[in-house]
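1. this one's structure only:
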């Protein structure tokens, strides 16, 4: 109810603050007998972890996951899977400067409004460190889903936008550069741009795109839990996300029906795919694709004015080790959340066939 | 689990097919003692109903709601509220032409993939008639929320887009025209455009924008059930929706943090509102605003080719009484879904204060 | 959340007061393609309905169920099934005598404490009329479960207790008498006893026993949602129930492990069945059996003293048409609730195999 | 869905096997600002832990709980509370003898039927070690509930039954003896009896009774989630429980309405309390009391015959350090589960007032 659980059949419940002793979670509903590749799970975490490249936060966290249950002799047992990621770097910082003041466009003010007080160290529960747990669960979901391929990539940084549709990109190139943009020329420009932004102590937003291939048809529920509605919720629940569109998206709202309708081939596939692989909330077997918009990170390494708890104006100076642009590290998070959504519907669908 | 329920504390469970005997639903969790204005509920349904103006489907349905329970001597009792909307116009049509074939960009194919067969009459459960039940529940939610104002309007039809922010619009004008666009000059152009599109048997997409004023601060949950994530899911669950963005939205992804951060006034309000009234998934008391993108309706009054169940090519001709553009009738649906989301968080918040 | 929904995958949401226009519900999660025998559903309702025999309430209600959705050409479509049972006999009574006073051991006082006021006519939502909706959903669940046989019967009325285990009874005799006790000699004595009790304007409690045969092994969840825990909750949620025991039950608490352990046969069946067909919360394929204790109905056709809302002592006289002993009519309700529990686990189990 | 979560608003999700690295859980929905007494939580765990007295299992486990999140400067923050209890004694044992065979009345067979294989070490997830996590969460719930007093005690061991109602017992004596029976003479006899049973390598069942005092009126939901239905489910989900009754219980089913009805005093309290503090599923402010029946532990320190996976008869000999009678250690578990149920309804009730 308090929103620390995602998913119904394949569910993840998480806990953990940025500067507490550990983050962790419980995965419930993972079927028994799945041989888990634990190294592959850690690899996903490594794609998200701080300090991995020159354009992300330089905070040092190994983000090593330890499993406590639900796995026996290398396979899932069907019982709940508990895991923990220790915070190793939580002591070094002095947070008294933000204890009593509200940083603009952070969650400081709203947490105080909701809870009366907050763990202010590093943003507490509002820190994107929380997403490490999502990546663990998503990595297990991916392994359960086997041949369904979920691939995200950076398609926009600030005003730099990859105009090509995913079908014209070589997505295997995504991991070859630190921006995680599959177009190498664009990736290089984006990298330079992010470094420039950082040098000014500023930040910039961006877009992550995602493609799901080899989708079985028939996944999704017809009314409130449409497949794209759950994907949308999943993406919008990631820190800093401001928008979600799938298939033709916002552009589709400007089109005529006669152009937008996806005519069928005789095998049930469609000639175009403005529907984004989903019709009436249910997958049709075509590729699912969607875009996720991220705002610029709120922490600037600049001088600024804000207010304290009593409403008095205070001078602050952003410090610490923050991401100038969140999208490179958001790529594995988007994939993880997509995997959790698909895993849930994949299991639901086994029921009703 | 099968997705016919929305909301946790203030929840709506619905049923009903386009051409069955009735639609209906159960609202659970509405607190006791709320004096309901039943006429206001019917008024909301009338804003959504077919045949209300020259630019929507001419199907005749009175869409009269009858309440079966949960209301006594004019007030909610705290027990579940059952209601029914009879389908009065369901017999007139011959649907054998779509019985065995799949209309492009409809849910015919995906329902068959998921369920093995379907109630093909008028789209069955995939018909947007289902949203009538949402409007009933949303109208009750609005009455529970009292002074929180939820107002939606049409801000785009095809390529015609209202460029002004909501703060420069007079939203009381929305209901003065059949398009439900608060800018009268634009409304007039949109109306002409929709009529043109319809005269060709075509359809066109559009945008509905929504503003929530007088929001209390502190509503929303910090991780998976962020306020905007639930709003996004709610909107994406409406038929034909392809995208959702709130606050700065997709545009925000192109901005610098130094421009995007919302500096505080000393009273806790902010000088700008790129955050769209939500920080860290929790309302901050500023206006919430968001956009919802609708694709063009898939039913064209045109000749077209498609396939049947056996994969054979068949000729079809769209007929019936369909909307050339869905956004005018979507306005009360967007408001209703927003009201359901806010109602749920409003109740959750009473707990944790 | 407000507790009008039962079940997760195969779920029932209900509404309705004793004297409102109708009761009804929504069944969600019923798989598609099940050919429903609608007459069999009505037959179950008839087993529960008032006025069916000389020893139950003589209130006249046909309790006819009408389905509004989710069924097409005789088969379930996989979408939600809405249904309604109209109250036809709700106007005849004058309830002003109970409007402002609290009947002992009814829910009048507690509803006022919880909700601030109540629909006092016939007990409103606290009336056992609500269980009619459970019987409808249970009848559909039974049809989904096919060869799993769920059979309840009366094993106790007041101090008259059927001492034989179910294995020594001919359960096909249950429906041959109005008490629904499969032992005819005992049934006859119980009938006489109930009539005597009624003639004094008094009521008496009783026991319903239930047996589930042809259970597949492997149903149930290992921790909080143990199969017998859900059965227990289901039974305890029926009006007037005070206790639940399964397998060896309370008697089992007096036994030694060396007597209580169920030794295996080589085919996985067990030589004894003190476990009641469930081990560790999961079915083992043996018969499940359990007992449900019902208190005496609180409405007496006698003079009594009680208090009104202001705490003043008032004289009351019970009137109306009430059951002198609730167990004969509780038999189909116990079966229905058992069917809902098994249906839910049956579907869950399809997932994790 | 897979049943490792209990509660809706105040919820506990658990994980952990008997012989894995750790058990743990996540408590979600605990309101912010509660000053937690961590020592009191550990004390509850100590009441449950192995090796605490001469009549329980002699396995050595410190069962020390570590909190990972949700607590800051001694108070709950409102975010999810993660905790871990390490298994320190999990390596010492050789379990190959039970790897391929099924112990009678254990969950070995049913886990294999459900999951295809199992973590056989010490019973894996089916071990009552899992209940340690319940005790942690229950201890926090107790602190949230403040003056509501939840007290359990042993009222039966085998055929020795405490005949006095709780109102005639001094419940402060419960913790003065290792049986946890508040009647000291009876406690002494029970202790001797348990030792005798153990000396034969046998086990015996028992009864735990529980009383909840200072209950506010109005807690509970009227239909499926009746207060006693949730209590029943909670108790039946504890390992080895076979039955639950509240108020007049099974005895009440033999009574007349004229004896069973609880007449009101003018202050809304009742002269008798056969209702057990609950009417129509909602608390009336009187004491809640109930009994929970536990079967004898299945592990005997005796020679016995059973079958292996292939259905061949094998000779086994129970070994290890097991409880001869589970009820003394079950007392804090019963209290914990009762606290979780009350906490959930306590929060729900804050909504609807």
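-> Noted; the coordinates are in hand. No experiment lies behind these values; they were computed from the predicted model shown.
2. how about low-confidence regions in chain A?
-> Within chain A, the stretches with pLDDT under 70 are A:90-94, A:320, A:352-353.
3. ok, which stretches of it are helices?
-> A:38-48, A:96-99, A:108-115, A:131-145, A:184-199, A:227-236, A:249-252, A:257-260, A:327-351 (DSSP state H).
4. Of all those helices, which one is nearest residue B:71?
-> Relative to residue B:71, the nearest member of the helices of chain A by CB to CB is helix A:227-236, separated by 30.0 Å. No exception for glycine: its C-beta is placed from N, CA and C like everyone else's.
5. Could you give the separation of that closest one from the chain centroid?
-> 11 Å (CA atoms, centre = their mean, to the nearest Å).
6. what angle sits between that helix and helix A:131-145?
-> With axes from the mean of the first three to the mean of the last three CA atoms, to 10 degrees defining the directions, helix A:227-236 sits at 150 degrees from helix A:131-145.
7. mind listing what's buried in helix A:227-236?
-> Residues of helix A:227-236 classed as buried: A:227, A:228, A:229, A:230, A:231, A:232, A:233, A:234, A:235, A:236 (neighbour count, 16 or more other CB atoms under 10 Å in any protein chain shown).
8. Out of these, which are close to chain B?
-> A:228, A:229, A:230, A:232, A:233, A:234, A:235, A:236 (CB under 8 Å from any CB of the partner chain).
9. Determine which two of those residues are furthest apart.
-> A:228 and A:236 (11.9 Å).
10. quick one, what contacts residue A:161?
-> A:155, A:207 (CB atoms under 8 Å, 6 or more residues apart in numbering or on different chains).
11. now it: how far from residue A:294?
-> 13 Å (CB to CB, to the nearest Å).
12. coming back round to it: specify the stretch among the helices of chain A that is closest to residue C:59.
-> helix A:327-351 (39.7 Å).
13. mind listing what's buried in the closest one?
-> Of the residues in helix A:327-351, those buried (16+ other CB under 10 Å) are A:327-349, A:351.
14. and it, does that touch chain D?
-> No. Helix A:327-351 stays out of contact with chain D when judged by CB under 8 Å from any CB, the minimum separation being 8.6 Å.
15. between residue A:161 and residue A:294, what contacts are shared?
-> With CB under 8 Å, 6+ apart, residue A:161 and residue A:294 have common neighbours residue A:207.
16. In CSV, list the helices of chain A along with distance to chain C.
-> Converted to CSV, the helices of chain A look like this (distance: least, CB to the nearest CB, whole Å):
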stretch, distance to chain C
helix A:38-48, 21
helix A:96-99, 36
helix A:108-115, 19
helix A:131-145, 11
helix A:184-199, 41
helix A:227-236, 15
helix A:249-252, 26
helix A:257-260, 25
helix A:327-351, 5
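17. Let me know which of those is the nearest to residue D:169.
-> Smallest distance to residue D:169 across these (CB to CB): 41.5 Å, for helix A:108-115.
18. Return the list of helices and strands in contact with the closest one.
-> strand A:101-102, strand B:278-279, strand B:282-283 (3 or more CB pairs under 8 Å, 6 or more residues apart in numbering or on different chains; DSSP states H and E).
19. mind redoing it with 10 Å?
-> Under the contact definition 3 or more CB pairs under 10 Å, 6 or more residues apart in numbering or on different chains; DSSP states H and E, helix A:108-115 sits against strand A:101-102, strand A:303-308, strand B:278-279, strand B:282-283.
20. residues touching residue A:82, list them.
-> Neighbouring residues of residue A:82 by CB atoms under 10 Å, 6 or more residues apart in numbering or on different chains: A:13, A:24-28, A:66-71, D:4, D:13-17, D:20-26, D:82, D:84, D:133.
21. Next: residue A:317.
-> By CB under 10 Å, 6+ apart, the neighbours of residue A:317 are A:97, A:201, A:300, A:301, A:302, A:303, A:304.
22. Repeat that for residue A:69.
-> A:26-27, A:77, A:79-83, D:4, D:14-17, D:20-24, D:87, D:119, D:124-125, D:130.
23. from those, which ones fall inside strands?
-> Of the positions in the contacts of residue A:69, A:26, A:27, A:81, A:82, A:83, D:14, D:15, D:22, D:23, D:24 sit in strands, assigned by DSSP state E.
24. who's the residue nearest to residue A:327 when sequence neighbours are not counted bridged to?
-> In space, and not counting its chain neighbours, residue A:327 is closest to residue A:206: 3.6 Å by CB to CB, 6 or more residues apart in numbering or on different chains. Beta-bridge pairing of residue A:206 under DSSP bridges involves residue A:157, residue A:294.
25. Please list the residues of the stretch 1-150 of chain A that sit near chain B.
-> Residues of the stretch 1-150 of chain A lying near chain B by CB under 10 Å from any CB of the partner chain: A:1-9, A:12-16, A:101-116, A:118, A:123-127, A:130-131, A:133-134.
26. List the contacts of the residue nearest to residue A:327.
-> Here residue A:206 is in contact with A:154-158, A:160-161, A:179, A:181, A:190, A:194, A:240, A:292-296, A:325-328, A:330, B:253-254 (criterion: CB under 10 Å, 6+ apart).
27. from the stretch 151-300 of chain A, which residue is nearest to chain B?
-> In the stretch 151-300 of chain A, the residue that lies nearest chain B is residue A:280 (2.4 Å; CB to the nearest CB).
28. list the contacts for that residue?
-> A:220-223, A:226-227, B:105-111, B:114, B:123-127, B:239-240, B:298.
29. Distance-wise, check it relative to residue A:229.
-> Residue A:280 is 12 Å from residue A:229, by CB to CB.
30. Could you do residue A:26 as well?
-> 25 Å.
31. thinking again about what came up before, out of the helices and strands packed on helix A:108-115, nearest to residue D:47?
-> Once the helices and strands packed on helix A:108-115 are compared by CB to CB, strand B:282-283 is nearest, at 38.5 Å.
32. ok, is that closest one in contact with chain A or not?
-> Yes. On the criterion CB under 10 Å from any CB, strand B:282-283 is in touch with chain A at B:282, B:283.
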